[in-house]
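A.B. asks: Got a predicted model here, sequence first, then my questions.
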Amino acid sequence: MRRVAGPWLALVGLLLLGALVGFVREYSSDFHWHVVLGERMLAQGAIYRVDDRSWTFAGHPMFVSCWLGDVLLALAFRAGSYVGCYLLRAACLVGTLALLAREMERRGLSRIGAVALLTLLVAQGCFNFYLRPELFAFLALAALHHLLGEHERTGRLGALAASVGLLALWPNLHGSSGIGLMVLGVYCAERLVRVFVARPPRGPIDRRALAVACATPVVGLVATFANPEGPGAILAFRVVSPFYVTHTAEWLPQRWGDMPLLLQAAVATVIGTSAIAVALRRVSPWRLAQALVLGALAFKYHRFTLYALIGAAPLLAGNLAALRDALARGEAATAWRRIGAAAAGLAAAWGLTILVAERHLTREIGTGVDPAAYPIAACR
C-alpha cells in the first residue's frame, strides 16, 4: 500500500507546490499593462491595434503578440482582482507540471524521479513565473511535448492534429509560438528520417508516414498564421527595442560563472546523461535537438531559460531511464535502484531547501502586489 500511495502523494505535493508558487506576490512591471490592454479589448469588443495608453507612442500601431492572454488576465482580474489572477497562474503552473510529470513517466522515469526533477525546476523558476501571458506559453510547451510523445508512442494522428491546433492557439496567447513551431519541426524531421531508415531492403517506402512527416510541419506553420499579425507573429521577439534588449536583465546573455549552482547542475546533467544515452543508443534525437536550440537561446537571452528547462525535462527523463536500465541488471539491480531513490530524495530536498532557506518562498506569498515593486495607491 505504501509503495502505491507514496508516488501519488509525491505528485500531489508537487502540484500543491506549483499552486503555492502561483501566489508569489507580483513584482513584474508588465502585469497591469496586460490587464489594462485586456480590459480595453473587452470594452471595445475588438483587438487592440493602436496605442492610446502611452505618452511617447500614442497613435502608433501596436504589434499584437498576446491579445488573448491579455483578455484572459483581464477576465481573471474582473472575477477576483489579484487573487483571480494568481489562481489563473496557479492553474497554469499546475497544468504545466502535471503534463511534464506525465510525459516523464511515459518516457520511463519513475514518478518519484519525475517529481524530484520538477521540484528543482520550480525552485529555479519560482520568481520567474511572472504574472503575464508567458504563463500560457509554458503550459503550451509542456502540452506540445506530451502530444508529440503520444504520437511517437501510439502513432495516433489525433495527437498530431491536436499539436497543430495548439500551434494555431499559441501565437494568440503569447508571442513565443516560434518555439512550438521549432519543436514540431524537429519532431517531424526525425520522423522523416525514420521513414527511410525503417524501410526494408529493396522494400517500398511507407508513403502514409512519409506524407504525414512532410505535411505536418507545413500545416503547423500555416496554423501559426491564425493571429492578428499573421506570419510576423513567429518572430515577435524581434520587435523588442534594441535599447530594451541591451538594458533589461531577461534579455541579456548568460555567463556560466554568473549562473546559480542549480542551473549549472541542470546543464551539466542534461549534457552528461545525453552523452550516455547516445552511447547506449537510447537518446531521443528530436528532444535532444530542441533542447540544444532552446539551450542556445537561453544562453543568448535569460528570458528563454524556463523554456529550455521545460523542453529538457522529458529528454532528461528518458536519459535517466536508459541509464537505470543499463545499470540495474542482475545482482546489482536492487542496489542501483536504491541509489536512484536516494538521488531523487536528495534532489527534492535540495529544491525545497532552496525555496525555503534561500528564496524565502513563504515570505513572498500573498494576495496583492509586492509593495517594494509597485506604488500601491497608483495600482488601486
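C.D. replies: Noted; the coordinates are in hand.
A.B. asks: rest of the way, CA atoms for contacts and neighbours
C.D. replies: OK.
A.B. asks: Verify the contact between Gly108 and Ala317 for me.
C.D. replies: Yes: Gly108 lies in contact with Ala317 (CA atoms under 8 Å); the separation is 7.0 Å.
A.B. asks: Neighbour count: those two, which is higher?
C.D. replies: In this view Gly108 and Ala317 are compared by other CA atoms under 10 Å, and Ala317 has more residues nearby, 26 against 18.
A.B. asks: how about that one, what does it touch?
C.D. replies: Remark: with contacts taken as CA atoms under 8 Å, 6 or more residues apart in numbering, Ala317 is in contact with Met104, Glu105, Arg107, Gly108, Leu109, Ala114.
A.B. asks: Need the three-state assignment for the fourth one.
C.D. replies: When you say that, I think you mean Gly108. coil (DSSP: H, G, I helix; E, B strand; the rest coil).
A.B. asks: Now it. Its backbone dihedrals?
C.D. replies: When read as degrees, to the nearest 10, the backbone of Gly108 gives phi 110, psi -10.
A.B. asks: cool, Pro200 as well?
C.D. replies: According to degrees, to the nearest 10, Pro200 has phi -60, psi 150.
A.B. asks: where's it relative to Lys300, distance?
C.D. replies: Going from Pro200 to Lys300 by CA to CA, to the nearest Å gives 43 Å.
A.B. asks: And those two? Which one has more around it.
C.D. replies: Of the pair Pro200 and Lys300, Lys300 is the one with more neighbours under other CA under 10 Å, namely 17 against 10.
A.B. asks: what number of residues lie near the residue lying closest to that one once chain neighbours are set aside?
C.D. replies: The shortest distance from Lys300 to any non-neighbouring residue, by CA to CA, 6 or more residues apart in numbering, is to Pro253 (4.4 Å). Residue neighbour count, defined by other CA under 10 Å, stands at 15 for Pro253.
A.B. asks: contacting residues for Pro253?
C.D. replies: Ala298, Phe299, Lys300, Tyr301, His302.
A.B. asks: where's it relative to Ala266, distance?
C.D. replies: In terms of CA to CA, Pro253 sits 18 Å off from Ala266.
A.B. asks: Without its sequence neighbours, what residue ends up closest to Thr246?
C.D. replies: Leu252 (6.4 Å).
A.B. asks: got the contact list for the one you found?
C.D. replies: Counted by CA under 8 Å, 6+ apart, Leu252 has contacts Val245, Thr246, Lys300, Tyr301, His302.
A.B. asks: how about those in CSV, adding pLDDT?
C.D. replies: Shown next, in CSV, are the contacts of Leu252 (pLDDT from 0 to 100):
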residue, pLDDT
Val245, 77
Thr246, 79
Lys300, 93
Tyr301, 92
His302, 92
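A.B. asks: show me what contacts the most centrally placed residue in the chain?
C.D. replies: Here the mean C-alpha position of the chain is nearest to the C-alpha of Phe138 (CA atoms, centre = their mean), at a distance of 3.4 Å. For Phe138, the contact set (CA under 8 Å, 6+ apart) comprises Cys92, Thr96, Leu306, Tyr307, Ile310.
A.B. asks: at 6 Å what do you get?
C.D. replies: By CA atoms under 6 Å, 6 or more residues apart in numbering, the contact list for Phe138 is empty.
A.B. asks: Relative to Glu364, how far out is it?
C.D. replies: Distance from Phe138 to Glu364, by CA to CA: 22 Å.
A.B. asks: Please enumerate the helices of the stretch 201-350 of the chain.
C.D. replies: 207-223, 242-247, 261-279, 285-300, 305-327, 333-353 (DSSP state H, counting those that start in this stretch).
A.B. asks: Most tightly packed of these?
C.D. replies: With neighbours taken as mean count of other CA atoms under 10 Å, those reach their highest mean count in helix 305-327, at a mean of 22.
A.B. asks: could you check the angle helix 285-300 makes with that helix?
C.D. replies: 140 degrees (axes from the mean of the first three to the mean of the last three CA atoms, to 10 degrees).
A.B. asks: I'd like the average pLDDT over helix 305-327.
C.D. replies: Mean per-residue pLDDT for helix 305-327: 96.
A.B. asks: what do you get for stretch 210-223?
C.D. replies: Stretch 210-223 comes out at a mean pLDDT of 96.
A.B. asks: ok, now stretch 250-257?
C.D. replies: Stretch 250-257 comes out at a mean pLDDT of 90.
A.B. asks: coming back round to it: the helices of the stretch 201-350 of the chain: which one's closest to Tyr130?
C.D. replies: Closest to Tyr130 of the helices of the stretch 201-350 of the chain is helix 305-327 (CA to CA; 11.3 Å).
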